[in-house]
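Trainee: Show me the folded form of this:
(chains A and B)
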Amino acid sequence: MSLIVCRNLAKTYHLGETEVHALRGISLDINAGDFVAVMGASGSGKSTLMNILGCLDVPTTGSYVLDKTDISTLSANRLADIRNRKIGFVFQSFNLIPRTTARENVQLPLFYRGVTSHEQQTLALRALEKVGLAGRERHHPSQLSGGQQQRVAIARALVTNPSLMLADEPTGNLDSEASREIMEMLTRLNAEEGLTILLVTHEADIAAYAGRVITMKDGLILSDRPTRRDRPAVALQKTTT
Amino acid sequence: MMHLLIMTGLVAFRVLARNRLRSALTMLGIIIGVGAVIAMVSIGEGAKAAVQAQLATFGTNVIMVLPGATTTGGVRSGHGGAVTLTTADMEELGKLSHVTHSGWARRDAMQAVHENKNWFTTVNGVTPSYLIIRDWSIVSGDFFTQIDMDSAAKVVLLGRTVADNLFDSGQDPVGSVIRLKNIPFIVVGTLGSKGFDTRGTDQDDVIFLPFTTAERKLMGTKFLGSIGSGFLSAESPDHMDQVAAEAKRVLRQRHHLRPDQEDDFTIRNQLDTAKIQQGTSESMTVLLLAVASISLLVGGIGIMNILLVSVTERTREIGIRMAVGAKRWHILLQFLVEAVVLSAIGGLIGVALGVGGAKLASTFAGWPTIITPAVMVLAFGFSALVGIFFGLYPANKASRLNPIEALRYE
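Mentor: Residues are numbered from 1 along each chain as shown, chains lettered A, B, ... in the order given. This is a model prediction of the structure:
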């Protein structure tokens, strides 16, 4: 079953007089339970694609259907609602709110969903436990290592039980050890819980964790092929040597 | 919704507590503004009440009738110079409808003597009704009566100041004899104190005796029955204008004045005097409120300024919140609540300082102050409004951020 159906997605930015064609017609299907990596050099349009798939932006033309909802025509408020209910974000720079505890950071999406305080706490603690941070719920981001901060971010993405997790270079700011931990966690979530993950990276060894790699160039899809299923082990050897 | 508001409020408190100094400085404008409003209004109301209390010592609903001035060889005398107003005039005016009392007086200043003490004071020959109109009270003894009037009895009433200066403390003057122009008078009563009038004259520095006694035995007269001043009391404040107009009509008729002639008397409505006094204190209050409003305005701009800084500083946070599902109004509400929390806390502190300031003014400077809860509520409410008004622009700016750009903001 297709979770994401994109047809001829195009995005054009106007920077003064010049037009920037960030996406030139992307058609893409992603099934529920897939683990897809998007690769490409900077300027290839992968960030724009992520923003549109993450409902942070709408395409100039083309259609995007997420979980049977047509996104391309929704208002800003409806998009916020979709982001809240269906999407979990993990960013390169963690993007946790500073001077706010891990638990409160994880609670944030639930707060905007209007869940009661008590339920927010219960769900947030469960999510933190799932990423192995039980007992750290009172720590502020500045008191946690990079890997731990990223795990808080993953907990925040998971807490709403989203249909799709968007991970934008999640290991970009981490050392190889922490990178391996995070990628193994994502792999496990994908394998054990059937979480659909869309991963943006420019590192081949990180992309190798995914089951399918899409390579982009100049706003178009250059290649789209599955990877070997035993890839994580290979990637692991690469990073440790 | 309520839950969301409370949670947003808690977040706002935490954010503001994080930057304590900055928040305190931001609140300062509001604190000063609200404090000034409370203190000034309290002092202003106190002053107004004091003036009103002074005015009330004149008696209630009193209309004064003064004889006109004479012109002798180009020299004009003041009020009462002419002998145009008589006891008969006042008796006639007493018959007008809505007039409860009619009284009259004439006065002179002279030396009063009691044993080895003497005191220069104002001596008033008055009717018993005058004492009622002017609302004098008796401390010991009694008022003189109509019988004393009719018989021109040599009896006097002493004002507080005169009694204090002619008699030893603890000595009751009632029954004693004092001398005016070497004529002995029996003290029949001492009067309750009225204090100073609005012009600062000691109203208690006075001796009253029956009008007839003053006219025939003490002061003499150029013209029997001429009076220094007449007093009417109206049934209610609403009747004062009507009574004054009627009195004017009757007096013009009695004095045979042609329409082209000016009045040979003056009628003064006590309310007019009161209005002037109140007008002064009201314009003072308006002035102070204007100053306080400017202070609140400056405080509001301070809040707006610091919120704009805060929105810029927290652009990334706003981006994060939007990414995880905050809608525009969530962000708007968050910053608006911060603005209101700032201004409302400032308002509360301001109210406390204002009340404290007013209390200090009354304790140390001895100014009368009146602290009205309504003003406190109003000032506090106004400060909250200032927060909403000046928070709206930064909050709106925050809510309109593009989440992608906000997330990328360094």
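
Trainee: So A:Thr100 belongs to a helix, correct?
Mentor: No - secondary structure of A:Thr100 (DSSP: H, G, I helix; E, B strand; the rest coil): coil, not part of a helix.

Trainee: Next, count neighbours for it.
Mentor: By other C-beta atoms under 10 Å in any protein chain shown, the residues close to A:Thr100 number 17. Every residue, glycine included, has its C-beta placed from N, CA and C.

Trainee: residue contacts, it?
Mentor: A:140-141 (C-beta atoms under 8 Å, 6 or more residues apart in numbering or on different chains).

Trainee: Look up phi and psi at it.
Mentor: The phi and psi values for A:Thr100, taken as degrees, to the nearest 10, are phi -130, psi 140.

Trainee: Distance-wise, check it relative to B:Arg314.
Mentor: Computed as C-beta to C-beta, to the nearest Å, the A:Thr100 to B:Arg314 distance reads 12 Å.

Trainee: go on, B:Ser383?
Mentor: In terms of C-beta to C-beta, B:Ser383 sits 24 Å off from B:Arg314.

Trainee: okay, those two: which has more neighbours?
Mentor: B:Ser383 (31 against 20).

Trainee: Please settle this for me: is that one part of a helix?
Mentor: Yes - assessed by three-state DSSP, B:Ser383 belongs to a helix.

Trainee: helix/strand/coil for the residue nearest to it when sequence neighbours are not counted?
Mentor: Using C-beta to C-beta, 6 or more residues apart in numbering or on different chains and skipping residues adjacent in sequence, the residue nearest B:Ser383 is B:Gly347, 3.0 Å away. What three-state DSSP gives for B:Gly347 is helix.

Trainee: which residues of chain B fall in helices?
Mentor: With helices called from DSSP state H, chain B shows them at B:2-18, B:20-56, B:87-93, B:128-133, B:146-150, B:160-166, B:211-213, B:240-254, B:270-313, B:315-323, B:328-360, B:373-399, B:403-408.

Trainee: And these: which comes nearest B:Gly195?
Mentor: helix B:20-56 (7.4 Å; C-beta to C-beta).

Trainee: From the contact counts, what lies against that closest one?
Mentor: helix B:270-313, helix B:328-360, helix B:373-399 (3 or more C-beta pairs under 8 Å, 6 or more residues apart in numbering or on different chains; DSSP states H and E).

Trainee: tell me which residues in that helix are buried?
Mentor: Within helix B:20-56, the residues that count as buried by 16 or more other C-beta atoms under 10 Å in any protein chain shown are B:23, B:26-48, B:51, B:54-55.

Trainee: likewise stretch A:122-134?
Mentor: Neighbour-count burial for stretch A:122-134 [16+ other C-beta under 10 Å]: A:123-125, A:127-128, A:130-131, A:133.

Trainee: I'd like these as TSV, with secondary structure, distance to A:Gly33 and pLDDT appended.
Mentor: Output for those, formatted as TSV (DSSP: H, G, I helix; E, B strand; the rest coil; distance: C-beta to C-beta, whole Å; pLDDT from 0 to 100):
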residue	secondary structure	distance to A:Gly33	pLDDT
A:Leu123	helix	23	95
A:Ala124	helix	25	95
A:Leu125	helix	27	95
A:Ala127	helix	20	95
A:Leu128	helix	24	95
A:Lys130	helix	18	93
A:Val131	coil	20	94
A:Leu133	coil	25	93
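
Trainee: and the closest residue to B:Arg400 other than its chain neighbours, what is it in contact with?
Mentor: Counting by C-beta to C-beta, 6+ apart, B:Arg400 lies nearest to B:Arg328, which is 7.2 Å off, once chain neighbours are set aside. By C-beta under 8 Å, 6+ apart, the residues touching B:Arg328 are A:76-77, A:80, B:399-400.

Trainee: how about 7 Å then?
Mentor: Residues in contact with B:Arg328 (C-beta atoms under 7 Å, 6 or more residues apart in numbering or on different chains) are A:76-77, B:399.

Trainee: next one: B:Val126
Mentor: Per C-beta under 7 Å, 6+ apart, neighbours of B:Val126: B:103, B:105, B:208, B:211.

Trainee: So which residues on chain A come close to chain B?
Mentor: Residues of chain A found near chain B (C-beta under 7 Å from any C-beta of the partner chain) are A:51, A:56-57, A:76-77, A:80-81, A:83-84, A:89, A:95, A:97, A:99, A:108-109, A:111-114, A:156.

Trainee: Just the buried ones from these?
Mentor: A:51, A:56-57, A:80-81, A:83-84, A:89, A:95, A:97, A:108-109, A:111-113, A:156.

Trainee: Which of those residues fall within helices?
Mentor: Per DSSP H, these map to helices at A:51, A:80-81, A:83-84, A:108-109, A:111-113, A:156.

Trainee: Thought A:Leu128 was touching A:Val106, still the case?
Mentor: Yes - between A:Val106 and A:Leu128 a contact is recorded at 6.0 Å, counting by C-beta atoms under 7 Å.

Trainee: Name all residues that make contact with B:Gly387.
Mentor: B:303, B:339-340, B:342-344.

Trainee: let me fix that: A:Gly43
Mentor: With C-beta under 7 Å, 6+ apart, A:Gly43 has no contacts at all.

Trainee: can we see that at 8 Å?
Mentor: A:Asp218.

Trainee: Could you count how many residues lie near B:Leu16?
Mentor: 20.

Trainee: At which residues are the helices of chain A located?
Mentor: Assigned by DSSP H, chain A shows helices spanning A:46-53, A:76-86, A:102-113, A:117-130, A:146-158, A:176-193, A:204-207, A:231-240.

Trainee: Just give me the lowest mean pLDDT stretch among these.
Mentor: If those are sorted by mean pLDDT, helix A:231-240 sits at the bottom with a mean of 46.

Trainee: Looks like A:Asp170 contacts A:Gln92 (just checking).
Mentor: Wrong residue type there; residue A:170 is Pro, not Asp. Yes - if you go by C-beta atoms under 8 Å, A:Pro170 and A:Gln92 touch, sitting 6.7 Å apart.

Trainee: With neighbour numbers in mind, choose between the two.
Mentor: A:Pro170 (28 against 16).

Trainee: hmm, back to that, of all pairs in the contacts of B:Gly387, which one is the farthest apart?
Mentor: B:Ile303 and B:Ala344 (10.9 Å).

Trainee: Neighbour count for the two, which is higher?
Mentor: Remark: of B:Ile303 and B:Ala344, B:Ile303 carries more neighbours, 27 against 21, as counted by other C-beta under 10 Å.

Trainee: re the thing from before, just send the helices of chain A back as CSV, with distance to B:Val123 too.
Mentor: Below are these laid out as CSV (distance: least, C-beta to C-beta, whole Å):
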stretch, distance to B:Val123
helix A:46-53, 99
helix A:76-86, 87
helix A:102-113, 85
helix A:117-130, 83
helix A:146-158, 94
helix A:176-193, 105
helix A:204-207, 112
helix A:231-240, 115
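
Trainee: which stretch among the ones you listed comes nearest B:Phe13?
Mentor: Closest approach to B:Phe13 among the helices of chain A (C-beta to C-beta): helix A:102-113, 13.9 Å.

Trainee: quick one: the closest one to chain centroid distance?
Mentor: 17 Å (C-alpha atoms, centre = their mean, to the nearest Å).

Trainee: Which strands or helices does it pack on?
Mentor: Checking 3+ C-beta pairs under 8 Å, 6+ apart, helix A:102-113 ends up next to helix A:76-86, helix A:117-130, helix A:146-158, helix B:315-323.

Trainee: For it, list the C-alpha coordinates in PDB.
Mentor: Provided in PDB are the C-alpha atoms of helix A:102-113 (Å, rounded to 0.1, in the frame of the first residue of the first chain):
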ATOM      1  CA  ALA A 102      14.000  16.100  27.600                       C
ATOM      2  CA  ARG A 103      10.500  15.000  28.700                       C
ATOM      3  CA  GLU A 104       9.000  18.400  27.900                       C
ATOM      4  CA  ASN A 105      10.700  18.400  24.500                       C
ATOM      5  CA  VAL A 106       9.100  15.000  23.700                       C
ATOM      6  CA  GLN A 107       5.700  16.200  25.000                       C
ATOM      7  CA  LEU A 108       5.700  19.200  22.600                       C
ATOM      8  CA  PRO A 109       3.700  17.600  19.700                       C
ATOM      9  CA  LEU A 110       1.200  16.200  22.200                       C
ATOM     10  CA  PHE A 111       0.700  19.600  23.700                       C
ATOM     11  CA  TYR A 112      -0.300  21.000  20.300                       C
ATOM     12  CA  ARG A 113      -2.600  18.000  19.800                       C
END
